[in-house]
Structure formats: C-alpha cells, structure tokens
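>>> the sequence and its predicted three-dimensional model are supplied below.
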Amino acid sequence: MIKLDTGKGAITISSGVVANITGNAATNCFGVKGMAFRSMTDGLVHLLRKEAMSKGVQVTYNEDGTLSIRLHIIVEHGVNITAACRSIMSEVRYKVNKYTGAEVKSVDVCVDSIVL
C-alpha cells in the first residue's frame, strides 16, 4: 500500500488500484492486444479480460517510497516490439504518477505472446 502524507491527513492507495491504472494505461497503447497471465497448471499464456487485467501486473513498493512495476502483455503481429514497450513504459509511468502522486522507479514490460 502506498501511504501519502498531506497537510490534512494520510492517504493510502492499495496495490490493486495501481495495478488497474497500469493495466488500463498499457492496453490503451498502440499494438497491445491485452494483458497476459501464465497459468500455473498448464503453463500456457492466457489473454485477460478487462475485469481481470490486474493479474498481469506486479507492483513492488521500494524502501525509498517509489514503485517498481512489472507487467505482462500480448502484442499484435507486425508491431515494433521495442517501440511498443517504450510507449507502454512512458504511459504507465505518467498515468501512475498523475493519478496517485507516487514516483515510479522502474517499469518492466514482459512480452509473453504475439497474436495475429
């Protein structure tokens, strides 16, 4: 949980909120088909629905008060993966900072699959 102290009190933001913001920011980028989740039972990568996209995001709170975010995505065939990942990193960093006020230290993007 993120804890922000203001002059009028403290605000706490759960990791689920940060995961939802991250998922929405990533799926709105060009070339991203959706968030991915690797099943533990069969080892296959599954495309997540909008309601469950936070399963493809892992948020870590660092000791210095910053966030480290790791997300798993599925991209469309023919998309420049490097450009798409840079766009996602920039968008996620901006949106999380804008909506929560927390500083994002790192954004790691894992491309789990490519679909036609």
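Yep, it's here.
>>> relative to R49, how far out is the nearest residue to M53 once chain neighbours are set aside?
Closest residue in space to M53, ignoring its immediate chain neighbours: G23 at 3.6 Å, by C-beta to C-beta, 6 or more residues apart in numbering. Every C-beta, even on glycine, is put in place using the N, C-alpha and C of the backbone. Distance of G23 to R49, given as C-beta to C-beta, to the nearest Å: 11 Å.
>>> and the residue nearest to M53, how many residues sit next to it?
23 (other C-beta atoms under 10 Å).
>>> send the alpha carbons of the helix or strand harbouring it over as CSV?
Using DSSP states H and E, G23 falls within helix 15-27. Only the C-alpha atoms of helix 15-27 are listed here, as CSV (Å, rounded to 0.1, in the frame of the first residue of the first chain):
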residue,chain,number,x,y,z
SER,A,15,-1.7,-2.1,-5.0
GLY,A,16,-4.9,-3.2,-6.8
VAL,A,17,-5.6,0.4,-7.7
VAL,A,18,-2.1,0.8,-9.0
ALA,A,19,-2.4,-2.5,-11.0
ASN,A,20,-5.7,-1.3,-12.5
ILE,A,21,-4.2,2.0,-13.6
THR,A,22,-1.2,0.2,-15.0
GLY,A,23,-3.4,-2.3,-16.9
ASN,A,24,-5.6,0.5,-18.4
ALA,A,25,-2.6,2.6,-19.4
ALA,A,26,-0.8,-0.4,-21.1
THR,A,27,-3.9,-1.7,-23.0
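>>> that one: which residues count as buried?
Buried residues in helix 15-27, defined by neighbour count with 16 or more other C-beta atoms under 10 Å: 15, 17-27.
>>> from those residues, which is closest to K95?
Minimum distance to K95 across the buried residues of helix 15-27 is 4.1 Å, recorded for A25 (C-beta to C-beta).
>>> tell me which strands the least confident helix or strand in the chain by mean pLDDT pairs with, and in which orientation.
Between all helices and strands in the chain, the lowest mean by mean pLDDT, DSSP states H and E belongs to strand 45-47, at a mean of 73. Taking DSSP bridges as the criterion, strand 45-47 sits next to strand 32-38 (antiparallel) in its sheet.
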